[in-house]
Structure formats: structure tokens, C-alpha cells
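*Asks:* Fold the following, please.
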Amino acid sequence: MKKEKKRTELSNLISILSDNDTIYLIDISDLNSNQISILRKNFCEYNIQMKVVKNTLLKKALENIKNKKLDSFFSILNGNTSVLACNSDLGNIPSKIIRNFHFSEKVEKPYLKGAYMEESFYFGNKDLDVLINIKSKKDLITDILKMLQYPIEQVIFSIKYGENQIFRILKTLSISKKNNK
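*Replies:* Next comes the predicted model:
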């Protein structure tokens with residue numbers, strides 16, 4: 001029975017890691033149950049999965065993931081480890097929640113052990129600010145479209161202005177033609 005439970009846990013963890021583009025490994029040791037509850041609630045608001053795992057189980061899960069190379073995490077698998085997982089459109093939200101928690105609770109935990117976001121790795125609380133400022137692919141596309149919007153509007157305005165000029169010329173020509181008859 002115990003082996004079956006471990007297999008199920010491993011399978012669930014592999015699924016979580018495989019199905020999400022953004023993965024954070026954090027250390028929540030030394031936080032009291034109220035603080036952990038606040039963190040869970042904040043992560044849950046954004047559908048960010050939080051799971052406390054054993055390092056040996058996490059290592060096995062990381063070894064079994066086919067579509068990502070997450071073996072850079074192996075060196076940080078010690079002590080207390082919790083996994084945060086979400087899709088790339090929420091990529092920097094966990095780091096914002098962690099940073100806000102640091103300020104509101106005046107603590108250094110949760111400590112960012114490592115993160116995998118936009119196909120890059122980040123390690124330690126020092127990289128929280130970097131993670132906060134990373135834009136998702138969706139945000140970048142939105143920014144590019146906004147930048148392109150102004151020139152496109154100018155082209156459309158020029159076309160409409162030219163169209164109005166042509167109508168005025170044609171109207172003037174038709175009026176002058178009628179007057180000449």
C-alpha cells in the first residue's frame with residue numbers, strides 16, 4: 001500500500017511539473033501555520049499550485065520529466081522544499097506574492113531556492129526582482145501590438161485624409177464640369 005501511495009504521489013508531482021511552464025522551489029521552514037495559510041490563500045487566488053514535497057520524491061519527478069530539462073534544480077534539493085507551479089501567463093505572480101509577503105510579514109521566508117520561467121533558471125532571493133520584472137510572452141506580444149498600433153493608426157489616418165482629398169477633387173471637377181456646360 002505504501003509503494004502505491006508513493007507511486008501516486010510521484011505521478012501527481014510529475015504531472016504538476018510537466019503541465020506547467022513556470023516552476024518555483026521555495027523554502028517555507030520557520031513560517032508559522034498562519035503565515036503558510038496566508039501564502040496558500042494568496043497563491044490559490046491566482047490558481048498557483050503549492051505543494052510541500054520531499055526532496056527525494058522531487059528529484060525522482062524531475063528525472064522523469066520528458067519535455068523539460070530541470071536537472072539544474074538538483075543542487076538545491078536540500079532542506080524544506082515546496083513547489084509552486086503555474087502557467088507562463090502567471091509567471092511573475094509567484095515572485096510578486098513572495099516579495100509582498102516579505103514586506104508585509106517582515107521576514108525573509110519564503111526563500112526562493114530556484115525558479116524555472118520562460119525557459120531560464122533563477123536561484124535565490126536575489127533573483128526575485130528579476131523574476132518580478134520578467135514579462136510573459138503574452139505581455140510582450142501586447143506591448144508589441146501597442147507599439148505597432150500608433151503607426152498603423154497614422155497610416156489609416158493618411159489613407160482617410162487622401163480619400164477625402166480625392167473626393168473633394170472629384171466633387172470640384174464635377175461641379176466645374178456642370179458649370180462649363
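*Asks:* Got the confidence number for Ser88?
*Replies:* Ser88 is assigned 78 on the pLDDT scale.
*Asks:* where's it relative to Asp139, distance?
*Replies:* 10 Å (Cβ to Cβ, to the nearest Å). Any C-beta I mention is one placed from the backbone N, CA and C, and that applies to glycine too.
*Asks:* Show me which of those two is the more surrounded one.
*Replies:* Ser88 (17 against 14; other Cβ atoms under 10 Å).
*Asks:* thinking Phe43 is in contact with Leu84, fair?
*Replies:* Yes. Contact criterion Cβ atoms under 8 Å: Phe43 and Leu84 qualify, at 6.4 Å.
*Asks:* Residues that sit against both of those two, list them.
*Replies:* Gln49, Met50, Pro94 (Cβ atoms under 8 Å, 6 or more residues apart in numbering).
*Asks:* which stretches of this structure have low pLDDT?
*Replies:* Applying pLDDT under 70 to the chain flags residues 1, 67, 177, 180-181.
*Asks:* And the helices in it?
*Replies:* Counting by DSSP state H, the chain has these helices, from start to end: 2-19, 33-45, 55-63, 93-105, 128-133, 137-180.
*Asks:* Mind putting those helices into a markdown table with distance to Gly79?
*Replies:* As requested, the helices of the chain are exported to a markdown table (distance: least, Cβ to Cβ, whole Å):
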| stretch | distance to Gly79 |
| --- | --- |
| helix 2-19 | 18 |
| helix 33-45 | 16 |
| helix 55-63 | 8 |
| helix 93-105 | 17 |
| helix 128-133 | 18 |
| helix 137-180 | 33 |
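*Asks:* how about these, which one is nearest Tyr122?
*Replies:* helix 128-133 (5.7 Å; Cβ to Cβ).
*Asks:* now for that closest one, which elements pack on it?
*Replies:* Helix 128-133 sits against helix 93-105, strand 111-117, with contacts defined as 3 or more Cβ pairs under 8 Å, 6 or more residues apart in numbering; DSSP states H and E.
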